[in-house]
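Trainee: Next comes the sequence, and after it the predicted model I'd like to discuss.
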Amino acid sequence: MTRSGRLAAGAVVAALLAGCASLAPPAGEDQALSGRLSVRVEGDTQRSFNAAFELAGSPERGSLALSTPLGTQVARADWSAGQVRLRSREGERVYPDLDSLSEEALGERVPLAALFDWLRGRPWPGAANVASDHGFAQLGWKVDLSRYEEGWVLAERSTPPVVEVRARLDMPASAAP
């Protein structure tokens, strides 16, 4: 995979990682969420970036679009049972699942299915978690919800490669001051 192809795959994974909390539980589990994110992979500046994202669906069936600050789409992933299709400037790649996409982008599998629950501000029911003053820890990630009410989330994984994801979710019109 080329450098820009790895960047696109990494951006998709990072956007999924960024969805670690929302301002309030969405009306429906399939409600699309959008916002901005910043990703830093320690020791690998090529995979550190900023992007706008829109995430819809669930771990079983969904889509994720990533755009530049000017609104130009850089990558889009669509998935359903048994297939993830990533489209970017490099073309199209197909993966058997979200974990395979994350493995190619980050060099190892990341539990992306859990992130859909994290996106809704709750631990994934498929694994043990430990509550903290400002969030929780699960599957090797520390999810900081201290600025949850403002739409800010920080998710950190301290095992190599160390990954830090900062996200700012768009506030729903009904939640705007």
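Mentor: Yes, it's here.
Trainee: Which parts of the protein are helices?
Mentor: Per DSSP state H, the chain carries helices over the ranges 3-18, 98-106, 112-119.
Trainee: can you give me how far stretch 147-163 is from the chain middle?
Mentor: Its chain's C-alpha centre lies 11 Å from the corresponding centre of stretch 147-163 when counted by CA atoms, centre = their mean, to the nearest Å.
Trainee: so where is the protein shaky, pLDDT-wise?
Mentor: Within the chain, the segments meeting pLDDT under 70 span 1-30, 105-110, 119, 171-177.
Trainee: now with 50?
Mentor: Low-confidence segments of the chain (pLDDT under 50): 19-28, 174, 176-177.
Trainee: Report the beta-bridge partners for the closest residue to R87 other than its chain neighbours.
Mentor: With CB to CB, 6 or more residues apart in numbering as the criterion, R87 has its nearest non-adjacent residue at 5.0 Å, and that residue is R76. (C-beta placed from N, C-alpha, C; glycine too.) On the basis of DSSP bridges, R76 is bridged to A65, R87.
Trainee: how much space is there between R76 and L86?
Mentor: 7 Å (CB to CB, to the nearest Å).
Trainee: between these two, which one's more packed in?
Mentor: It is L86, of R76 and L86, that has more neighbours when counted by other CB atoms under 10 Å, with 24 against 18.
Trainee: now that one: how far from E104?
Mentor: In this structure, L86 lies at 9 Å from E104, with CB to CB as the measure.
Trainee: again with V163
Mentor: Computed as CB to CB, the V163 to E104 distance reads 15 Å.
Trainee: Strands of the chain, start to end?
Mentor: 33-41, 49-57, 62-67, 73-80, 83-88, 91-95, 129-132, 135-138, 141-144, 152-157, 163-169 (DSSP state E).
Trainee: so can I have a markdown table of these showing distance to D117?
Mentor: Converted to a markdown table, those look like this (distance: least, CB to CB, whole Å):
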| stretch | distance to D117 |
| --- | --- |
| strand 33-41 | 13 |
| strand 49-57 | 13 |
| strand 62-67 | 13 |
| strand 73-80 | 17 |
| strand 83-88 | 19 |
| strand 91-95 | 22 |
| strand 129-132 | 10 |
| strand 135-138 | 9 |
| strand 141-144 | 10 |
| strand 152-157 | 13 |
| strand 163-169 | 15 |
